[in-house]
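Q: below are the sequence and a predicted model; questions follow.
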Amino acid sequence: MKRKTFLRYAGASMVLGPWVAPAMAQEYPSRPIKIILGFAPGGSSDQFTRDLAQRLTERLGQPVVVENRPGAATTIATTALYNAAPDGYTISVVSSHFAATPKLYPALTYDVNTGFTHIGLQVIVPALVVVSPELKVNTLQELVALCKAKPGALSYGSTGTGGVVHLATERFKAAAGIDVVHVPYKSDFDALLSVMRRDVAFQFGAPSTCLPHIRAGNLKPLAWSSQQRSSALPDVPTIAESGYPGFSSSAWFGMIGPAKMPKPIVDRLSREVMQIMALPAMANKIRSQGMDPVADSTPEKFSSFVKLEAEKWGAVIVATGVKAD
């Protein structure tokens with residue numbers, strides 16, 4: 001290209017520069033969007049992500065599809081996202097596992113703080129401590145007393161080694177001074193079945209999967225892991241109320257993309273998702289499942305949140321000595 005021609009194009013780019021970003025936001029999306037999810041179908045994260053994808057499809061005018069890639073504490077899915085093009089057509093809904101994995105898998109090729117575009121936080125997910133109705137305990141204190149009477153003889157279920165359910169229960173073990181054996185399962189539903197069969201004594205279960213079984217009489221709730229009681233089961237106390245002041249532990253769902261996504265696309269996704277989370281129908285459905293919707297998150301707020309969560313769960317992993325399988 002001749003020097004004069006180059007300078008003419010360069011000058012035009014400088015003049016048009018301020019208009020490029022709005023144009024990009026208006027053109028996006030022009031084809032289907034894929035949400036990679038690090039969990040198997042059927043769990044609370046899958047249910048939420050599919051609801052979100054359906055509403056995004058309606059608002060964006062392009063299909064938004066969910067691709068489940070479970071395994072390795074969600075790092076398989078996150079690695080796939082890390083290697084994707086940062087064009088807004090491959091994104092992910094991640095959970096607290098995302099923040100816990102750096103300490104669990106030191107050889108990871110990505111950094112959760114700098115290796116991704118943080119779009120927003122959508123849901124806070126407390127856990128329910130549940131047991132079989134056949135287990136002769138009615139309160140968390142009674143469960144702890146039973147565990148102390150049989151050190152090392154009882155067990156608890158989780159959704160996998162190094163997952164937030166595992167880490168939260170290990171935190172509670174330390175706070176309560178109990179000796180129980182960890183039994184990992186592939187999904188929250190599989191773990192809950194083990195509670196109902198009494199293969200394990202208890203679980204910190206996801207409310208969306210626990211509540212139908214509680215209402216059917218197949219599970220007994222003992223405590224919420226959150227700071228406050230949930231409107232889904234307002235008569236069930238928190239762990240803090242049950243003799244362990246200050247204890248709280250909740251998971252979460254949030255949206256991320258590959259690093260260096262264009263800001264207009266990030267802003268568009270953030271705005272659309274926040275508006276979806278503010279819809280009464282969406283918020284009420286989430287609350288009915290024992291979870292809390294977040295409608296005021298921004299990319300900047302979520303980045304700060306992820307950093308704090310990575311520090312918190314990293315400290316838990318170091319303190320408990322949890323190792324990946």
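A: Cool, got the structure.
Q: can you tell me the helix or strand for Pro221?
A: Following DSSP states H and E, one finds Pro221 within strand 220-224.
Q: and what of Pro70?
A: Per DSSP H and E, there is no helix or strand for Pro70.
Q: any low-confidence regions in this protein?
A: 1-26, 325 (pLDDT under 70).
Q: grab the longest strand from it for me.
A: As assigned by DSSP state E, the longest strand anywhere in the chain is strand 116-126.
Q: so which bits of it are buried?
A: Neighbour counts over strand 116-126 (16 or more other Cβ atoms under 10 Å) mark 116-126 as buried. All C-beta atoms are positioned from the backbone trio N, CA, C, and that covers glycine.
Q: now for those, which pair is the farthest apart?
A: Farthest-apart pair in the buried residues of strand 116-126 is Thr117 and Pro126; separation 27.3 Å (Cβ to Cβ).
Q: where along this structure do the strands fall?
A: Counting by DSSP E, the strands of the chain are 33-37, 64-68, 90-95, 116-126, 128-131, 155-158, 181-184, 202-205, 220-224, 250-258, 292-293.
Q: hang on, Ser96 packs against Ala251?
A: Yes: Ser96 lies in contact with Ala251 (Cβ atoms under 8 Å); the separation is 4.4 Å.
Q: name the residues contacting each of the two.
A: Val164 (Cβ atoms under 8 Å, 6 or more residues apart in numbering).
Q: all helices of the stretch 201-325 of the chain, in order?
A: 207-215, 263-277, 280-288, 299-320 (DSSP state H, counting those that start in this stretch).
Q: out of those helices, which gets nearest to Ala72?
A: Minimum separation from Ala72 across those (Cβ to Cβ) falls at helix 299-320, 15.1 Å.
Q: what's in contact with the closest one?
A: 96, 98-100, 102-104, 112-113, 117-121, 162, 164, 167, 170-171, 174, 252, 254, 266-267, 270, 297, 322.
Q: how close does Arg50 get to Pro41?
A: Counting by Cβ to Cβ, to the nearest Å, the gap from Arg50 to Pro41 is 9 Å.
Q: what about Pro70, how many neighbours?
A: Neighbourhood size, Pro70 [other Cβ atoms under 10 Å]: 19.
Q: not including adjacent chain positions, what is the nearest residue to it?
A: Leaving out its chain neighbours, the residue that sits closest to Pro70 by Cβ to Cβ, 6 or more residues apart in numbering is Ala40, at 4.4 Å.
Q: now the one you found. Its backbone dihedrals?
A: Per-residue torsions, Ala40: phi -70, psi 160 (degrees, to the nearest 10).
Q: hang on, isn't Val130 packed against Val200?
A: No: Val130 is beyond contact range of Val200, at 10.6 Å (criterion: Cβ under 8 Å).
Q: which of those two has more neighbours?
A: Val130 (29 against 24).
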